[in-house]
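Colleague: here's my sequence, what's the structure:
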Amino acid sequence: MQYQFNVQGMTCGHCERAVTSAIQQLDPQAQVRIDRSQNRVDVDSSQPREALAAAIAEEGYAVAP
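Modeller: Here you go, the predicted model:
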């Protein structure tokens with residue numbers, strides 16, 4: 001499934017790596033694309049949306065509904 005998240009608080013490459021790592025810990029096969037300028041994270045994953053959003057939030061980033 002493909003999901004799009006609006007993620008607040010990503011300001012640098014470290015933030016991108018933290019979000020990508022959190023998602024890939026949940027689903028190692030997930031494809032993650034991040035556009036910091038748009039606060040957007042696109043994910044192609046077999047995991048449910050809620051689990052992916054929780055993984056991002058656990059890293060300290062706000063995920064808009």
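Colleague: please make it C-alpha for all contacts and neighbour counts, starting now.
Modeller: Fine.
Colleague: so for residue 3, what's the nearest residue that isn't a sequence neighbour?
Modeller: Nearest non-adjacent residue to residue 3, counting by Cα to Cα, 6 or more residues apart in numbering: residue 43, 5.2 Å away.
Colleague: direction included, what does the host helix or strand of that neighbour pair up with?
Modeller: Using DSSP states H and E, residue 43 sits in strand 40-44. Based on DSSP bridges, the pairing partners of strand 40-44 within the sheet are strand 2-8 (antiparallel), strand 31-35 (antiparallel).
Colleague: report the rounded mean pLDDT for stretch 2-13.
Modeller: In this model, stretch 2-13 has a mean pLDDT of 97.
Colleague: pull up the distance across it, start to finish.
Modeller: Its first and final residues considered, stretch 2-13 spans 23 Å by Cα to Cα, to the nearest Å.
Colleague: show me which positions of it end up buried.
Modeller: 5, 6, 7, 8, 10 (16 or more other Cα atoms under 10 Å).
Colleague: related to what we said a few turns ago, distance check, the residue nearest to residue 3 against residue 12.
Modeller: Counting by Cα to Cα, the gap from residue 43 to residue 12 is 19 Å.
Colleague: over to residue 24?
Modeller: 19 Å.
Colleague: next one: residue 55
Modeller: Applying Cα to Cα to residue 55 and residue 12 gives a distance of 18 Å.
Colleague: residue boundaries of the helices in this structure?
Modeller: Per DSSP state H, the chain has helices spanning 13-26, 49-58. These are given in chain order.
Colleague: how about stretch 32-45 as PDB, C-alpha atoms only?
Modeller: Output of stretch 32-45 as PDB, limited to C-alpha atoms (Å, rounded to 0.1, in the frame of the first residue of the first chain):
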ATOM      1  CA  VAL A  32      10.400   5.800   1.800                       C
ATOM      2  CA  ARG A  33      10.500   9.100   0.000                       C
ATOM      3  CA  ILE A  34      10.800  12.400   1.900                       C
ATOM      4  CA  ASP A  35      10.200  15.900   0.700                       C
ATOM      5  CA  ARG A  36      11.200  18.100   3.700                       C
ATOM      6  CA  SER A  37      10.100  21.300   1.900                       C
ATOM      7  CA  GLN A  38       6.500  20.000   1.800                       C
ATOM      8  CA  ASN A  39       6.700  18.200   5.100                       C
ATOM      9  CA  ARG A  40       5.700  15.100   3.200                       C
ATOM     10  CA  VAL A  41       6.700  11.400   3.700                       C
ATOM     11  CA  ASP A  42       5.500   8.900   1.000                       C
ATOM     12  CA  VAL A  43       5.700   5.300   2.100                       C
ATOM     13  CA  ASP A  44       5.100   2.100   0.100                       C
ATOM     14  CA  SER A  45       4.700  -0.600   2.800                       C
END
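Colleague: before I go, just wanted to say thanks for your time.
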